[in-house]
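In: structure for the following, please:
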Amino acid sequence: MHNRKKNAMMTLPASCPEPVRRPLSCPPAAEHLAGRRRSCGRRAIAAWVVILVALTNCGADWLQFRGSNGASDSPGIAPPDSWDGNENIAWRADLPGRSVASPIVVKGRVIVTSSSGAHQDRLHVLAYDVETGKQIWHRQFWATGRTLTHPFSAVAAPTPASDGKRIFAFYSSNDLACLDLDGNLLWYRGLAFDFPQAGNDIGMSSSPIVADETVMVQIESQGESFATGVDVATGETRWRVDRARTPNWTSPVVMPGRRGGKTIVILQSGSGLVGHDVHTGEELWKFELPCQTTPSLAVTEDRIFVPANGLTALDLPSDATSPSLAWNSSQLNPYPASPIVSGDRVYAVNSSGVLSCGDLNDGKRLWQVRIGGRHWSTPVVAGDRIFCVNAEGQAKVVQLGETGTVVGTNDFGEAIKGSPAVSDGALYVRSDQHLWKIAEK
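Out: Down below sits the predicted model:
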């Protein structure tokens, strides 16, 4: 493999012409170890309370792939239906390198990742001011793992995640970096040092997720396959579980609430779902089902919506020990975009560019509308609108109701594969070259 680095890298501000070398330090700085000798129960309860408070107080933030609730749904004011030239484009910022990841929004900052260089081995994390679009900071690292991807994808494929205090940037090279909101590096894990065979020729794209003071990543390929939970404060491994050695690009999803005092992270693969304890990695249940390996499942308080045999809904009430089948619909067939849940409706875009709306309770298809194109980007619901951006950069805005009506057609003029983010009535969309904020002016 070209130029495999022996060291992890951190960077100084963007004015620094080259990344600066530092030794790989999986055991983090001593100050991060202070206070870790709490009981697991107290720490887990406190962490979940903090997460709930943060999501309540920072409801406008979009903290991870498909939003803070993981359902691609943003209550409140919807962004405008149309934009063009200077109309309703609050700002546009230039971006380095390439990426198919989504932006996230954290406390007045829009965070994006990119990869650049002939071998995509230079990794970027950038922050932009939500009001002005000006770059706040830019950090760069060298990849420590495999950087070969299909030209359609990029090393910066996974969407970053945040717990409201830290940013977790993950890459196809299996590098995981933790920074604070000011861009200071807190810790760095080059997972390829421990698992050098984890990767495939297309590239990895599963996005991280955060809960219970644990950031979780899912890495599955023909080579080494595993999922791991990492302590958000120290970068130390809490747990690791082996996974089937088959390609899979889905992302882990955390079930809302607790069951038996435990928070559940759900791992999806081609053979089904497995529920694990977020804090310990303990396997809690398994449900065999032939699932898709590109679109990821969506959840509500007590139901799981799985891209399998079209769309399959599983019940998982708070007192259940494992899921049970609720319904299956072949008329709702999300691919490659993930399903979207909003209110009492579930939405799916199929490979032919048809948006379908289904009843959340029984899976009955209520209406469908053609929006055209192939959608790698998962649409987002904001207010009574759903915003759909296809791979060619054409955006359709559909008004939701008893039927779906296209009320806006727009064109970014660039290929877009990352899902949009929504915050405070604004839509954030990125291509390889640009980051847009779409908002009423």
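In: residue 409 is in contact with residue 394, isn't it?
Out: Yes - counting by CB atoms under 8 Å, residue 394 is a contact partner of residue 409 at 7.4 Å. Quick note: C-beta positions are derived from backbone N, CA and C, even for glycine.
In: more neighbours, the two?
Out: Just comparing residue 409 and residue 394: by other CB atoms under 10 Å the higher neighbour count belongs to residue 394, 18 against 13.
In: the closest residue to residue 191 other than its chain neighbours and residue 203, how far apart?
Out: Leaving aside its sequence neighbours, residue 191 sits nearest to residue 174 (CB to CB, 6 or more residues apart in numbering; 4.1 Å). To residue 203, residue 174 is 11 Å away according to CB to CB, to the nearest Å.
In: ok, now residue 331?
Out: Counting by CB to CB, the gap between residue 331 and residue 203 amounts to 32 Å.
In: with residue 262 instead?
Out: According to CB to CB, residue 262 and residue 203 sit 33 Å apart.
In: what do you get for residue 441?
Out: For residue 441, the distance to residue 203 - CB to CB - is 37 Å.
In: repeat for residue 99
Out: Distance from residue 99 to residue 203, by CB to CB: 12 Å.
In: list residues touching both of those two?
Out: 154, 157 (CB atoms under 8 Å, 6 or more residues apart in numbering).
In: higher neighbour count, these two?
Out: Between residue 99 and residue 203, counting by other CB under 10 Å, residue 99 is the more crowded of the two (30 against 26).
In: is it true that the more buried one touches residue 435?
Out: No - between residue 99 and residue 435 there is no contact under CB under 8 Å: 9.9 Å.
In: count the neighbours of the closest residue to residue 262 other than its chain neighbours for me.
Out: Among residues not flanking residue 262 along the chain, residue 277 sits closest, at 4.8 Å (CB to CB, 6+ apart). Residues lying near residue 277 (other CB under 10 Å) number 21.
In: number the chain from 30, please
Out: New numbering, starting at 30: the last item is residue 306.
In: count of neighbours near residue 161?
Out: With other CB under 10 Å as criterion, residue 161 counts 12.
In: and for residue 179?
Out: By other CB under 10 Å, the residues close to residue 179 number 10.
In: what sits against it?
Out: By CB under 8 Å, 6+ apart, the contact list for residue 179 reads 230-232.
In: relative to residue 411, how far out is it?
Out: With the distance defined as CB to CB, residue 179 ends up 31 Å from residue 411.
In: you'd agree residue 277 is up against residue 233?
Out: No - counting by CB under 8 Å, residue 277 sits too far from residue 233 to count as a contact (9.2 Å).
In: which residues are in contact with both of the two?
Out: Joint contacts of residue 277 and residue 233 (CB under 8 Å, 6+ apart) are residue 250.
In: quick one on the thing from earlier: pretty sure the residue nearest to residue 220 contacts residue 222?
Out: No - contact between residue 203 and residue 222 fails when scored by CB under 8 Å: they sit 9.2 Å apart.
In: who's more crowded, those two?
Out: Just comparing residue 203 and residue 222: by other CB under 10 Å the higher neighbour count belongs to residue 203, 26 against 17.
In: quick check: the gap between the more buried one and residue 224.
Out: Using CB to CB, we find residue 203 at a distance of 7 Å from residue 224.
In: any common contacting residues for the two?
Out: Any residue near both residue 203 and residue 224 by CB under 8 Å, 6+ apart counts here, and that gives residue 248.
In: hang on, residue 221 is in a strand, isn't it?
Out: No - counting by DSSP: H, G, I helix; E, B strand; the rest coil, residue 221 is not found in a strand; it is helix.
In: excluding sequence neighbours, find me the nearest residue to it.
Out: Leaving aside its sequence neighbours, residue 221 sits nearest to residue 174 (CB to CB, 6+ apart; 2.7 Å).
In: count residues in the vicinity of that neighbour, would you?
Out: The number of residues packed near residue 174 is 23, by other CB under 10 Å.
In: returning to what we had before: pull up the overlap in contacts between residue 203 and residue 222.
Out: 173-174.
In: could you list every residue that touches residue 403?
Out: By CB under 8 Å, 6+ apart, the contact list for residue 403 reads 365, 380, 382, 419-420.
In: at 7 Å instead, please
Out: 380, 382, 419-420 (CB atoms under 7 Å, 6 or more residues apart in numbering).
In: how close does it get to residue 418?
Out: In terms of CB to CB, residue 403 sits 11 Å off from residue 418.
In: with residue 361 instead?
Out: Separation of residue 361 from residue 418 (CB to CB): 20 Å.
In: show me which of the two is the more surrounded one.
Out: Neighbour count, other CB under 10 Å: between residue 361 and residue 418, residue 418 has more, with 30 against 27.
In: show me what the more buried one is bridged to.
Out: Beta bridges link residue 418 to residue 424, judged by DSSP bridges.
In: I figured it hits residue 459, correct?
Out: No - Residue 418 is beyond contact range of residue 459, at 10.2 Å (criterion: CB atoms under 7 Å).
In: before we move on, the earlier item: among the contacts of residue 403, name the buried ones.
Out: Neighbour-count burial (16 or more other CB atoms under 10 Å) applied to these gives 382, 419-420.
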